[in-house]
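Visitor: I'll drop the sequence and a predicted model, then ask my questions.
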Amino acid sequence: MQPDIEPSEEPREHLERVLEFLRRAYRFKQVALTVLLVGELVCVAYLLLRTPRYRSQTVLLYSEGVRTTEVSESAAPPKSLAVRMQEMLTSRRQLQSLVEEFDLYPDERSTFGMTGAVDALKEHIEFRAPGGDTFTIAFEGVTPEQTFKVTERLGKLVIDQDVELRRKQTLSTRDFLAGEKQRADKLLKAAEQNLAGFMAEHPRFALDAMPLATGAAIRASVPDPTGADAQLAARSASGSRFVRVPAYGAKATESAASSAAKVAPTEAQLARVREAEAESARAKAALAAARENLNDKRSRYTDAHPDVQAAREAVARAQARAEAAYLKTPVLPSGPAKVTSTVPTPAPARAARRYVSVPAPKGAPKTAAPETTTEELVALETDWSRLTRAVTEARQRHDQVEAALFKADIASSSATGGLGTRVTVIDPAFLPQQQVPPGPRTLAALFFVLSIFAAIGSALLCALLDDRIHDARSVEGLVDVLVEVPRTPKPRRLRA
Amino acid sequence: MPDFNAPRYVSPAFTVGPDPSFQDELPITVEWRDASNEQEPAEPADDDSARRDRAGAVWRTEGERRAEESLVAVARNMALVPTHRAPTVLLNHMELGRPIDRRLWLLSEPTSPQAEAYRLLRHRLLVQADPRIVVVTSAMPGEGKTTCAANLALAMAEESTASVLLFDANLRRPAARRLFGIPHLDGVLDGVEIRTYPVVALAGLRLRVCSALNDPGTNVRIDRAALRMAMADLAYAYDYIVVDASSVLEGSDVNILAEVVDGVLIAARAGSSHRQRLRRALARLGSVTILGAVLVDS
């Protein structure tokens, strides 16, 4: 019957084996000490040869002063702004000036020239844009003073570049828009002149207060019963009679005067006409002023702004008033008509047209007579639409360019006065007091710990790889050990 | 019976004269034999002066005579170095000089654990197989085979009725002679340089030490046939023969010796011998009888 194996023998055996292994590893203590010593020597050499590093940084803030852009228009996205700032910071020309100013990286300069020194400087500059508007510039140098000065200089460099860039941008924009405005003025003038010439040839079109297709539809649909102008006939149907008057204060043509009604108006009628004309003029002036106010508001605010909304409403009211005044203007029964009027020309008169209700003169040339062919009518209406559209477009372009020029002027003024978008230092560069971590002590401690681990590891590895025979267990399976002769003790003097 | 506890002489290691361990027997004199002349040994003289004549020889026993002749044959065949003189064998007796080499535990510290370990080895060998001729070898040099062989021979010589021969057959690094302090006995006799193969009888012990060569040289090899005959004769003369051989991985001497012995004992030194080399040595020995291993400095 086999004796039971004590359960504690196996763990004990394991423990003994482990202890034996550790004893064997201890035999390699010289190896471990050597590794430790080598590690410490490497540490000392590294600390002696290591170039000290100091770090300083500054934080810049990008802020917009006087806003020249609408909310709907997106400002420069943060990402592109950060990229632009970084490009300004790391431009080779600027860095080269820094290298020369502070005599940085002399070794690289002597070996690789200025290009190598600039590349070395780039490697030690760190640019971060943690937020949308803040930028951090950091620099690592070999001495605290140099690090501080270079960092400060880098911040100033970015600010100066940004100011210069914006100034140039605003000036060039303003100059460009000024040129565009001049062109727009010329285009507008030409379009208006063309329109005026057309209306001079075809006076009945001058009566069209709203030169839209609606007037052409009326004229085309309502034939002139008297053979006179269709619109005059329409007005006659509504009880008013008009005489064509050239727009923009031009003198009434002979034809217009000659086309006055046959019946001479009374003084009361003339007074009423004058009063209506005055009211119409005032309404038109008000309309023009309201439109100008609307353009001004739109140049400053978005369409959703209350001021813009109010201006639009004012324009609508002025339009209604002008239309009402126009419709209320009485038509004189007959008589030669005098060209209006005593109402002063409203200023600015760009957008205003004056239509005066006077009797149709005698012998006025028949324009757009009902018996005019359809093709001729269509051609005339087409020309009228084209010319009015050209004037409208030219005016719109002129207004837009003027609004943009206004913004450019504001931007230029604000940039010149330092009130526009600018970059400021919110955290200036500082003089570093200690090296970039890890410091010498930390490194020494780290090396020591690593050396300890390496030493222990090397001893354990040597013990693991040790193929030598240490006891009878080492030759198990190879040969039977008959006897183990103990180790020779320390020599002692033999007795004589 | 020899007194192993007799005080050792503080004297030169080498003396010529009667073996004090055999007081009751005829003294052994140095024989000087020149094999090339094929001279028969002269008849011993009756008076003392004749006994001291170096030309005379008196054999103690027939067995020893045959043993010495075998040693001559072995030595002659083991040394193929050309010489105009045939090798001879000198039988000497000596007292071990002071201090005794500490590695001879059974002489320097007979009660030490190391000495007991070798006695235990002797006991286990005798119980296990009782080999009469044992070769002690190792995988590589310097692993304690000479020490092991010497101490094993001393342990066997402690038996009251045993006569033991320690045969140093390490042709590359013979160390048994130096271990016992046996001097170099090559010399000049009558103007002729002679190579000698001393067999030394140690005073107070039933142990004799024989070195194969004094000067290990190149082109030395063991002759299998001569060795076989010599070992047969030696086995007749001695109860136990412990052969100190060269290491297994150094050459094939051990394989030749293993053919004429009863078993091979492997010596290994703790902390020095490598398991991989031991494995290769065992593989090289092949099917020889491995009696076991002795772990030295454990």
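Guide: That came through fine.
Visitor: which residues in the stretch 51-200 of chain B form helices?
Guide: B:62-78, B:105-108, B:113-128, B:145-157, B:176-180 (DSSP state H, counting those that start in this stretch).
Visitor: which residues touch the second one?
Guide: The contact list for helix B:105-108, computed with CB atoms under 8 Å, 6 or more residues apart in numbering or on different chains, reads A:494, B:96, B:99-102, B:112, B:114-115, B:118-119, B:151, B:154-155, B:158. To be clear about C-beta, it is placed using only N, CA and C from the backbone, and glycine gets the same treatment.
Visitor: and the least confident of those?
Guide: Ranked by pLDDT, the contacts of helix B:105-108 bottom out at A:L494 (54).
Visitor: before we move on, the earlier item: so which of the contacts of helix B:105-108 is the closest to A:R50?
Guide: B:R102 (55.0 Å; CB to CB).
Visitor: touching, that closest one and A:T488? I think so.
Guide: Yes - if you go by CB atoms under 8 Å, B:R102 and A:T488 touch, sitting 7.3 Å apart.
Visitor: who has more neighbours, these two?
Guide: Higher neighbour count among B:R102 and A:T488: B:R102, with 17 against 14, using other CB atoms under 10 Å in any protein chain shown.
Visitor: ok, the more buried one to chain A distance?
Guide: B:R102 sits 6 Å away from chain A when distances are taken as CB to the nearest CB, to the nearest Å.
Visitor: which one is that residue nearest to, not counting chain neighbours?
Guide: B:S108 (5.1 Å; CB to CB, 6 or more residues apart in numbering or on different chains).
Visitor: check contacts around the nearest residue to B:A176 once chain neighbours are set aside.
Guide: Once flanking residues are discounted, B:A176 sits nearest to B:D168: 3.7 Å by CB to CB, 6+ apart. Counting by CB under 8 Å, 6+ apart, B:D168 touches B:146, B:174-177, B:209-212, B:244.
Visitor: which helices and strands sit right next to the helix or strand where B:R284 lies?
Guide: Per DSSP states H and E: B:R284 is located in helix B:275-285. With contacts taken as 3 or more CB pairs under 8 Å, 6 or more residues apart in numbering or on different chains; DSSP states H and E, helix B:275-285 sits against helix B:253-258, strand B:263-269.
Visitor: can you say which of the ones you listed is nearest to A:K186?
Guide: strand B:263-269 (113.5 Å).
Visitor: sheet-wise, list the partners of that closest one with their directions.
Guide: strand B:133-138 (parallel), strand B:290-296 (parallel) (DSSP bridges).
Visitor: chain neighbours aside, what residue packs nearest to the closest residue to chain B within the stretch 301-450 of chain A?
Guide: Taking CB to the nearest CB as the measure, the stretch 301-450 of chain A has A:L450 as its residue closest to chain B, at 30.0 Å. The shortest distance from A:L450 to any residue other than its chain neighbours is 6.5 Å, reached at A:G39 (CB to CB, 6+ apart).
Visitor: buried ones in whichever strand or helix holds the one you found?
Guide: In this assignment (DSSP H and E), A:G39 forms part of helix A:29-49. The neighbour-count check on helix A:29-49 (16 or more other CB atoms under 10 Å in any protein chain shown) flags A:31-32, A:35-36, A:39, A:43 as buried.
Visitor: what's the offset of the helix or strand just after it from the middle of its chain?
Guide: Past helix A:29-49, further along toward the C-terminus, the next helix or strand under DSSP H and E is strand A:54-63. A distance of 23 Å separates the centroid of the chain from that of strand A:54-63, by CA atoms, centre = their mean, to the nearest Å.
Visitor: contact partners of strand A:54-63?
Guide: Contacts of strand A:54-63 (CB under 8 Å, 6+ apart): A:81, A:85, A:126, A:133-144, A:147-148, A:150-152, A:154-155, A:158-159, A:421-432, A:434-436.
Visitor: picking up where we left off before, let's see if you can find the most crowded of the contacts of B:D168.
Guide: If you rank these by neighbour count (other CB under 10 Å), B:D244 sits at the top with 30 neighbours.
Visitor: pretty sure that one contacts B:A149?
Guide: Yes - the criterion here is CB under 8 Å, and B:D244 meets it with B:A149 at 3.9 Å.
Visitor: now for those two: what residues contact both?
Guide: B:136, B:166, B:176.
Visitor: which residues does the first one bridge with?
Guide: With DSSP bridges applied, the residues forming beta bridges to B:V136 are B:D244, B:L265.
Visitor: just confirm A:R487 is within a strand.
Guide: No - with DSSP: H, G, I helix; E, B strand; the rest coil as the criterion, A:R487 is coil rather than part of a strand.
Visitor: report how many residues lie close to it.
Guide: What A:R487 shows, counting by other CB under 10 Å, is a neighbour count of 13.
Visitor: now it: closest residue in space that isn't a chain neighbour?
Guide: B:D297 (4.7 Å).
Visitor: the one you found: neighbouring residues, count only.
Guide: Residues near B:D297, counting by other CB under 10 Å: 18.
Visitor: report the contact partners of it.
Guide: A:485-488, B:144, B:269-272.
Visitor: and A:A459, by the same measure?
Guide: A:25-26, A:28-29, A:31-32.
Visitor: identify the farthest-apart pair in the residues you listed.
Guide: Every pair of those checked by CB to CB; the farthest is A:Y26 and A:V31, at 10.7 Å.
Visitor: thinking again about what came up before, for the residue nearest to B:R102, give me the pLDDT.
Guide: On the pLDDT scale, B:S108 gets 85.
Visitor: how much space between it and B:P99?
Guide: Distance of B:S108 to B:P99, given as CB to CB, to the nearest Å: 8 Å.
Visitor: those two - which one has more neighbours?
Guide: B:S108 (16 against 12).
Visitor: show me the strands in the stretch 351-496 of chain A, by range?
Guide: All strands of the stretch 351-496 of chain A, identified by DSSP state E, counting those that start in this stretch, fall at A:422-427, A:481-484.
Visitor: so where's the stretch 351-496 of chain A uncertain?
Guide: A:351-372, A:418-420, A:489-496 (pLDDT under 70).
Visitor: which parts of it sit against chain B?
Guide: Proximity of the stretch 351-496 of chain A to chain B (CB under 8 Å from any CB of the partner chain) is limited to residues A:467-472, A:474-475, A:478-488, A:491, A:494, A:496.
Visitor: so where's the stretch 101-250 of chain B shaky on pLDDT?
Guide: B:160, B:183-199, B:203, B:212-221, B:226.
Visitor: next to chain A, which bits of it? Give me the list.
Guide: Counting by CB under 8 Å from any CB, the stretch 101-250 of chain B sits next to chain A at B:102-103, B:108, B:113-114, B:117-118, B:120-121, B:124-125, B:128, B:144, B:148.
Visitor: out of those residues, which are buried?
Guide: B:102-103, B:108, B:114, B:117-118, B:120-121, B:125, B:144, B:148.
Visitor: show me the two of these that sit farthest apart.
Guide: B:R102 and B:L125 (23.6 Å).
Visitor: on that earlier part again, in CSV: the buried residues of helix A:29-49, plus pLDDT.
Guide: Shown next, in CSV, are the buried residues of helix A:29-49 (pLDDT from 0 to 100):
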residue, pLDDT
A:V31, 94
A:A32, 95
A:V35, 95
A:L36, 94
A:G39, 94
A:C43, 93
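Visitor: one step back: in ChimeraX, how would I select just the buried ones from the contacts of helix B:105-108?
Guide: In ChimeraX syntax, the buried subset of these is picked out as below (16+ other CB under 10 Å):
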select /B:96,100,101,102,112,114,115,118,119,151,154,155,158
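Visitor: from the contacts of helix B:105-108, which is closest to A:T302?
Guide: Once CB to CB is applied, the member of those that ends up nearest A:T302 is B:Q114, at 107.0 Å.
Visitor: how close does the closest one get to A:R12?
Guide: With CB to CB as the criterion, B:Q114 and A:R12 are 28 Å apart.
Visitor: now A:L48
Guide: If you go by CB to CB, the gap between A:L48 and A:R12 works out to 51 Å.
Visitor: likewise for A:V485?
Guide: 26 Å.
Visitor: what does A:T388 give?
Guide: A:T388 is 112 Å from A:R12, by CB to CB.
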